Every structure is written in C-alpha cells, then in structure tokens.
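Asker: got a predicted model here, sequence first, then my questions.
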There are 2 protein chains.
Amino acid sequence: MKNASPKPGDLSAQIAGQVRDAILDGRLMVDERLPSEAELADQFAVARSTVREALKRLAAQSLIRTERGATGGAFVNRLSFSEVYDAQVTQSALLLSMNDVAFETACEARFAMERACAPLAAERRTDDHLAQMRREADRQSQPDLSDEAFCASDVAFHRALVDAADNPVLGFQLAGAVEGMQPLMNMITFTARSRGAIVAFHSKIADAIEAHDADSAIAALSELESYTQELADTVISARRARQK
Amino acid sequence: MKNASPKPGDLSAQIAGQVRDAILDGRLMVDERLPSEAELADQFAVARSTVREALKRLAAQSLIRTERGATGGAFVNRLSFSEVYDAQVTQSALLLSMNDVAFETACEARFAMERACAPLAAERRTDDHLAQMRREADRQSQPDLSDEAFCASDVAFHRALVDAADNPVLGFQLAGAVEGMQPLMNMITFTARSRGAIVAFHSKIADAIEAHDADSAIAALSELESYTQELADTVISARRARQK
DNA sequence: CCAGCGTAATTGTCAGACATCTAAATGTCT
DNA sequence: AGACATTTAGATGTCTGACAATTACGCTGG
C-alpha cells in the first residue's frame, strides 16, 4: 500500500525492501540476474557498500544467491521447501525459547496440527512411511537410548506421520510445531515407565494409520497429548518443589 | 554438529553464523549488547565493512536490532510473534508462488489446519472474536466490494477464527497457511453467486462458534473447503479452455 | 582442432574518512 | 539547587577508492 516512500532512515533497508517487493510482485523472476552491484549503486545513487548490505539482507532470507566471476552476480533464488523448512524450525525454536511460552500452549498447538494431518496420513500412507514409524518406535524401545536420542526419534516418528499426509505445504507448516518443540521436550527427563507408555501410544498410532483408520489415529494422538501434558506437569512441579 | 570450521568462502557469512550460533546456544542473551562493530572487526581480524555485512544478515532474520547513538549498538532481539508472523506470511506466499503448488494442495493444507483450531475456537471464543467474524461476513455481503477487498475480508474472517483459539503458537503457524494463500485466492474471480455461497458458509461457521459447537464448525469448514475447490476447478478449467 | 593463456567482468575484502545520531556529561542562567 | 542549553564522546550509517579472488570467454599458437 505505502511502498512509495517508507523512509525509515536506513538506506540499505529501503533498497532491500524495494528489491524484495520487486521479487514479490513478480517484476523479478526466478533465476533472473539482478544488475551488478555497481549498476545498482548507480541506479539508487548510493555507494556500492550500501547496495552490498542490502543484498546481504536478501541473501540471509534466501531471496537471492550470489555467484562470483565474470558471469556472476545476484540471482533471484527459487525458495525450496527444504530451505524454508529449516528456517521454520530454527525460528520456531527461538520464538518458543525467547517468549517463555507455556509448555501447555506449545503442546496443544502441536497436537492440534498433528491431528489435522492424521486423516490425510491415514488415507495416503505408503508402506515406507509405515515402516519408518515402526522403526522409530522400535528404536524408542531400546533402554540404552539417551534422552536426547529418544526425543530425536520421537520427532522422526511424528515427522514420518506428517510426511505420510503427502502434502508439502502442510509438512513445512508443521515443521515449526513439531521440530521446533524439540528443545522444550528435551527438558523433560523420561523414565523407563513413561517411555514405555509413549511407545505404546506410538504403536497405537501406527496401527491406526496402517488400518487407514483416521478416527483411531486422532484418538491415539489425543491420548498421547494428554499423557505428554501430565508428564510435563509432573516434571515441572517436581522441579519447582526442588527449587523451593 | 560441524560448527567448528564451516568455511564456505564468505567471511561475512561465517561471522554471521558464529554469532547466530552464540544466540542459539544462549551464549548471548536477549537484549544483550554485542561488541561494537570496530571491536568485532578486531576480534575477527576483518574489516568493519565485513562485520557490518554479517550484522545485516542477522538483522534481516530479526535476530538482532541495531540502535544508533552513543549507547547504541547491536542487541540480541527478542523474537516477537508479530515479527515472525509477518515473515511467515511473505515466506509462505513466495514458496507457493515459486513452486507452482497446486491450488488443491494449498487449499487442503489450509483447511486441515483451520479445522484443527476450530474446537479450541469454539471453546474459547470471546464476544470480540465473534463480532469481528460477523463484521467481516457483513462486509462480504456488500456487492460493490472489489475482488481484492473481498479476499482481504475473507482472510480477516479466518484470522479472527484462528485468534479465537487463543493459542499464539497455533496462530503464527497458521499465518502462512491462511494469509500466505491470499495471492492464490486472488486469482479467482468471484461471481455474485459464489460470494453469496461463501458468506453463507461464513455465517454457518460463526453460528457454530457462537454456539460453542466444534463439530458443526468443522463440518462447515469442510463444506467451505469443498466449495472452494469446486470454484477453483471451474475457474481454472475455464481459463484453460480460453487459452486453448 | 584444441590446449593454454590472458583479459574483462563481477563479487569479496580492506582501509580510511566523514556524516549523523543519541545519551550523557558539562556548562549556564535563574 | 534546579532547570535548561550546549558540548562531547561513542556508536552506527554512508561514501570513496583500492586491491584480491574468481570465473567465463575469446584469442593465439601449436
């Protein structure tokens, strides 16, 4: 709306914004080469260093890539799902850690979204997805697994579930909710007993997905959510008591 | 894993990476001030301009903010939901536009996630949320609304629904799915008849939310999804026929 | 025909200077 | 002493000019 004159002092930010808008509007197409830094400096009537700072900003957002050499320059980058996926995970993890989000809130969001893809996963799952889920559940049964490894396997299990829904858009949106929560989950120490319960839920989920039974999968996910919440409550209140 | 020596040629990228890791690890706390650019240049044994490019990269990711003046400098930024929300929206929009994602896929993801927050919204909605939904539905009934304005109001309606779930984590995860899809939705021209149908669905959803009836809300959302898909199919096949 | 070499274009880095901004210290008047 | 104006120091923002590193391309000579 007000693209014409957003003058917040910083030239490099303004220039970055203008180029970003050009990419967003489609005035710059994927893989198109931007003018050289010197040309951009002329066009915007600024020094090359200022242009460079603007380009670095865009590069940090994966909007452009730069290549060196005679035919080099800055090119509009095709955003890939995997790139955005990673960015999503780190951003969510940071967001959660910096805003003291209640475990309950994050957990609720995560399972709400995961239940959202359960019907699709139940319908479309391949044998590969199922095998992956079984494999992770098996690994989680091994008693000599560290808490971190257990959590990593937990994430892998749920990621397999999400992948089974076979919708890349859904998949990358869920990245933050599932993988970004791992640091929070890592704060919970799992007893042998709680691990057993979790593996049982995972088996239940895998069974439901195998049977193409969406309702059972959703039910099992809800049970797992309740159990996770209970577990977190126990750990947190124990920690609080110990501090007092 | 391999943080020790990731030497991909670019000094500014390396430095940005080191500082980013420091923030992620918690070695740099929120609102902590980084050394001045000159000091950082000394520490890393590079020129100030190189340090600046690194800092601009981090600033583009909202990891730091810079303030001018005597007590200024670069400070670790507390990631806010609203910042990440905006980034999420533009990133999703770009991702969708650059990877020729099928409308069907995006639509499916969006409604799957929206249904996920319907139960929470039905339980927790306030009168404010409800009023907002009604207001947007009303606006959508006005025949002199442009297609863009209609779509914007549509987004606002669904955002009110998401907000009613009262879970910020869920809210920002859904940002990409709902608002990021707006460009795709804008490609559909709405006839008076289709607008009427959509408004009817919206009213149905608002009624269900008002009655705290999660199941009806989910059902209405599913109907709206089907209708949207039909509409898109019609528009797309008409466009294809016209081109041929 | 082809292998090697130089050349030009472009990004990456450096060094130093000046401009601008801002809080804090300092000075001045009542 | 307190309120207000002024200076000052430290920091970021910008500019200029130079050189290094890298890469495609064309030329030249065998």
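Answerer: Ah, there it is.
Asker: what about the helix or strand containing residue A:209, distance to the chain center?
Answerer: Assigned by DSSP states H and E, residue A:209 belongs to helix A:192-210. In terms of Cα atoms, centre = their mean, to the nearest Å, the gap separating the centre of helix A:192-210 from the centre of its chain is 23 Å.
Asker: quick one: list the elements packing against it.
Answerer: Contacts defined by 3 or more Cβ pairs under 8 Å, 6 or more residues apart in numbering or on different chains; DSSP states H and E place helix A:192-210 against helix A:103-124, helix A:127-141, helix A:147-164, helix A:214-243. (Each C-beta comes from the backbone N, C-alpha and C, glycine too.)
Asker: counting neighbours, which bits of it end up buried?
Answerer: Across helix A:192-210, burial judged by 16 or more other Cβ atoms under 10 Å in any protein chain shown covers A:194-195, A:197-210.
Asker: related to what we said a few turns ago, with respect to residue B:87, which of the helices and strands packed on helix A:192-210 lies nearest?
Answerer: Checking the helices and strands packed on helix A:192-210 against residue B:87 by Cβ to Cβ gives helix A:103-124 as the closest, at 17.9 Å.
Asker: contact residues of chain A facing DNA strand D?
Answerer: By the criterion of Cβ under 7 Å from any atom of the strand, the positions of chain A lying close to DNA strand D are A:9-12, A:45-50, A:53, A:67-72.
Asker: can I have the buried ones of those as a PyMOL selection?
Answerer: The PyMOL selection below is limited to those of the residues of chain A next to DNA strand D classed as buried (16+ other Cβ under 10 Å):
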select buried, chain A and resi 10+11+12+46+50+53
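Asker: out of the residues of chain A next to DNA strand D, which are inside helices?
Answerer: A:11-12, A:48-50, A:53 (DSSP state H).
Asker: next one: the closest residue to residue A:203 other than its chain neighbours from residue A:215, what distance?
Answerer: Once flanking residues are discounted, residue A:203 sits nearest to residue A:137: 5.7 Å by Cβ to Cβ, 6 or more residues apart in numbering or on different chains. Going from residue A:137 to residue A:215 by Cβ to Cβ, to the nearest Å gives 21 Å.
Asker: neighbour-wise, which of those two wins?
Answerer: Taking neighbours as other Cβ atoms under 10 Å in any protein chain shown, residue A:137 and residue A:215 compare with residue A:137 leading, 22 against 11.
Asker: need the per-residue pLDDT for the more buried one.
Answerer: Looking at residue A:137, its pLDDT reads 95.
Asker: next one: phi and psi at the residue in chain A that DNA strand D sits nearest to?
Answerer: DNA strand D sits closest to residue A:69 of chain A, with a gap of 2.3 Å, by Cβ to the nearest atom of the strand. The phi and psi torsions at residue A:69 (degrees, to the nearest 10) take the values phi 100, psi -180.
Asker: got a pLDDT number for it?
Answerer: 92.
Asker: what sits against it?
Answerer: Residues near residue A:69 by Cβ atoms under 8 Å, 6 or more residues apart in numbering or on different chains: none.
Asker: distance check, it against residue B:53.
Answerer: Separation of residue A:69 from residue B:53 (Cβ to Cβ): 19 Å.
Asker: and residue A:28, how close does it get to chain B?
Answerer: Counting by Cβ to the nearest Cβ, to the nearest Å, the separation of residue A:28 from chain B is 11 Å.
Asker: any idea how many residues pack against that residue?
Answerer: Counted with other Cβ under 10 Å, the neighbours of residue A:28 add up to 19.
Asker: is it in contact with residue A:74, as I believe?
Answerer: No: applying Cβ atoms under 8 Å as the test, residue A:28 and residue A:74 come out as separate, 10.0 Å apart.
Asker: overlap in contacts, these two.
Answerer: Each of residue A:34 lies in contact with both residue A:28 and residue A:74 under the rule Cβ under 8 Å, 6+ apart.
Asker: number of nearby residues for residue A:102?
Answerer: 15.
Asker: spatially, what comes nearest to residue A:38 if we skip its sequence neighbours?
Answerer: Nearest residue to residue A:38 in three dimensions, chain neighbours excluded: residue A:48, at 6.1 Å (Cβ to Cβ, 6+ apart).
Asker: show me the shaky parts of chain A.
Answerer: A:1-8 (pLDDT under 70).
Asker: rewinding a little: and the helices and strands packed on helix A:192-210 as JSON lines, adding distance to residue B:80?
Answerer: Supplementary listing: the helices and strands packed on helix A:192-210 in JSON lines, determined by distance: least, Cβ to Cβ, whole Å:
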{"stretch": "helix A:103-124", "distance to residue B:80": "16"}
{"stretch": "helix A:127-141", "distance to residue B:80": "34"}
{"stretch": "helix A:147-164", "distance to residue B:80": "26"}
{"stretch": "helix A:214-243", "distance to residue B:80": "25"}
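Asker: nearest to residue B:123, out of those helices?
Answerer: Closest among the helices and strands packed on helix A:192-210, once you apply Cβ to Cβ, is helix A:103-124, at 11.2 Å.
Asker: up against DNA strand C, what does chain A have?
Answerer: Counting by Cβ under 7 Å from any atom of the strand, chain A sits next to DNA strand C at A:9, A:34, A:36-38, A:48-49, A:52, A:55, A:66-74.
Asker: all set now, cheers.
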